[in-house]
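Visitor: Using only what follows, build the 3D model:
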Amino acid sequence: MAFTAADVKNLREMTGVGMMDCKKALAASDGDMDKAVEYLREKGLAASAKKAGRIAAEGMAYAAVIDGVGVVVEVNAETDFVGKNEKFVDFVKGVAATVASENPVDLDKLMECKYNGTGLTVLQQQQEMVLVIGENIRVRRFARFAGGVSVPYIHAGGKIGVLVNLDVEGEVSDKVREIGKDMAMQIAALNPRFWDKSFVTDDVLAEEKKIMLAQMDNDPKMASKPAQVKEKIVEGKLNKFYTENCLLQQEFVKDGDMTVEEYMNAGAKEAGVKITLKDAVRFEKGEGIEKKQENFAEEIASMVKGNG
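Guide: Below is the predicted model:
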């Protein structure tokens with residue numbers, strides 16, 4: 001039985017599998033739609049589903065400014081090798097371009113968007129990549145800044161992706177972008193919990209104070225000191241907390257004689273502008289994903305047992 005382009009389109013919409021695989025399935029099934037679906041489950045979707053259950057903690061984080069929109073994404077794969085694969089890298093860049101152009105509200109909506117320059121959704125393109133590359137691939141997260149001045153930084157070929165978003169009053173020069181990149185590099189290196197001390201919530205401050213006071217109560221030399229003295233000591237300790245955990249209060253890694261905020265303000269004065277840090281995002285590939293620990297002894301034992 002012959003099949004038409006409409007049949008291929010329908011099969012693709014039914015299964016989410018790529019066009020070429022749908023053509024092969026219909027050819028192998030003489031145009032019978034039910035048999036084609038069964039064929040894909042056996043050959044394509046079954047393989048994809050199996051791979052989808054495997055842990056994907058490698059891949060890459062990618063940051064870029066696309067048509068004036070700042071974007072950072074993380075796409076995971078199973079091995080570091082695939083993270084350097086040209087087709088995989090192109091897929092990641094395509095996901096970033098889709099985020100920039102479509103402005104999805106969340107990950108689910110992104111997966112429903114048409115993938116950049118194609119008729120496929122991002123989910124369908126991801127499924128095609130699984131079949132082409134042979135590993136589980138997963139778009140994990142993204143962030144997007146449409147306003148302000150975004151400056152991207154990618155560390156170690158995609159191990160970390162950082163996007164800094166600045167409010168700039170004046171001309172956006174190369175000096176401004178240099179300041180943004182230096183701040184992004186600081187974020188990549190030191191991973192501060194907060195961008196500025198004003199971002200630290202009352203709950204966090206209360207918890208830190210509680211811990212500091214408890215430490216003093218447990219210290220025989222400090223326990224007997226008056227409450228007002230302890231409060232002053234806590235204030236000093238909080239300043240140290242800010243310098244360790246807040247980007248703008250941190251010591252600037254390229255010049256230990258100034259803070260990041262002092263560097264930003266000095267650079268802004270040199271460029272003849274005013275710069276304010278609006279926001280930033282730092283993605284580290286595989287962050288928070290439990291990686292599979294290979295046990296080669298068990299693997300070899302199971303292989304021997306299987307051959308016995």
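Visitor: use CA for all of it now, contacts and neighbours both
Guide: OK.
Visitor: which stretches of the stretch 51-200 of the chain form helices?
Guide: 80-83, 86-102, 107-112, 122-133, 174-190 (DSSP state H, counting those that start in this stretch).
Visitor: Can you say which of those is nearest to I233?
Guide: The stretch from the helices of the stretch 51-200 of the chain with the least distance to I233 (C-alpha to C-alpha) is helix 174-190; that distance is 25.9 Å.
Visitor: what comes up buried for that closest one?
Guide: 176-177, 179-188 (16 or more other C-alpha atoms under 10 Å).
Visitor: Most distant residue from the centre of this structure?
Guide: Going by C-alpha atoms, centre = their mean, the residue of the chain most distant from its centre is S224, 48.4 Å out.
Visitor: For it, give me its contacts.
Guide: Neighbouring residues of S224 by C-alpha atoms under 8 Å, 6 or more residues apart in numbering: D217.
Visitor: pLDDT at it, what is it?
Guide: With respect to pLDDT, S224 has a value of 86.
Visitor: To N239, which of the helices of the stretch 51-200 of the chain lies closest?
Guide: Of all the helices of the stretch 51-200 of the chain, it is helix 174-190 that lies closest to N239, at 17.6 Å by C-alpha to C-alpha.
Visitor: Quick one: distance of that closest one to the chain centre.
Guide: 18 Å (C-alpha atoms, centre = their mean, to the nearest Å).
Visitor: and G68, how many neighbours does it have?
Guide: 14 (other C-alpha atoms under 10 Å).
Visitor: I figured it hits F145, correct?
Guide: No - G68 is not in contact with F145 according to C-alpha atoms under 8 Å; the separation is 9.1 Å.
Visitor: Now render the helices of the stretch 51-200 of the chain as JSON lines, adding distance to D202 and mean pLDDT.
Guide: Below are the helices of the stretch 51-200 of the chain laid out as JSON lines (distance: least, C-alpha to C-alpha, whole Å; pLDDT from 0 to 100):
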{"stretch": "helix 80-83", "distance to D202": "40", "mean pLDDT": "88"}
{"stretch": "helix 86-102", "distance to D202": "34", "mean pLDDT": "97"}
{"stretch": "helix 107-112", "distance to D202": "30", "mean pLDDT": "96"}
{"stretch": "helix 122-133", "distance to D202": "40", "mean pLDDT": "91"}
{"stretch": "helix 174-190", "distance to D202": "23", "mean pLDDT": "97"}
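Visitor: would a markdown table of the ones you listed with distance to S198 be doable?
Guide: As requested, these are exported to a markdown table (distance: least, C-alpha to C-alpha, whole Å):
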| stretch | distance to S198 |
| --- | --- |
| helix 80-83 | 37 |
| helix 86-102 | 29 |
| helix 107-112 | 29 |
| helix 122-133 | 38 |
| helix 174-190 | 17 |
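Visitor: which one of the ones you listed lies closest to Y242?
Guide: Nearest to Y242, of those and by C-alpha to C-alpha, is helix 174-190 at 13.3 Å.
Visitor: care to break the protein down by domain?
Guide: 5-52, 60-191+279-284, 197-278 (automatic domain parsing).
Visitor: mind putting these in CSV, distance to E290 included?
Guide: Shown next, in CSV, are the domains of the chain (distance: least, C-alpha to C-alpha, whole Å):
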stretch, distance to E290
domain 5-52, 15
domain 60-191+279-284, 12
domain 197-278, 25
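Visitor: Confidence-wise, which of the ones you listed is weakest overall?
Guide: Mean pLDDT is lowest for domain 5-52 among these, at a mean of 73.
Visitor: So for the longest helix seen in the chain, what gets flagged as buried?
Guide: Counting residues, the longest helix found in the chain (DSSP state H) is helix 227-245. For helix 227-245, burial by neighbour count (16+ other C-alpha under 10 Å) applies to 230, 234, 238, 241-245.
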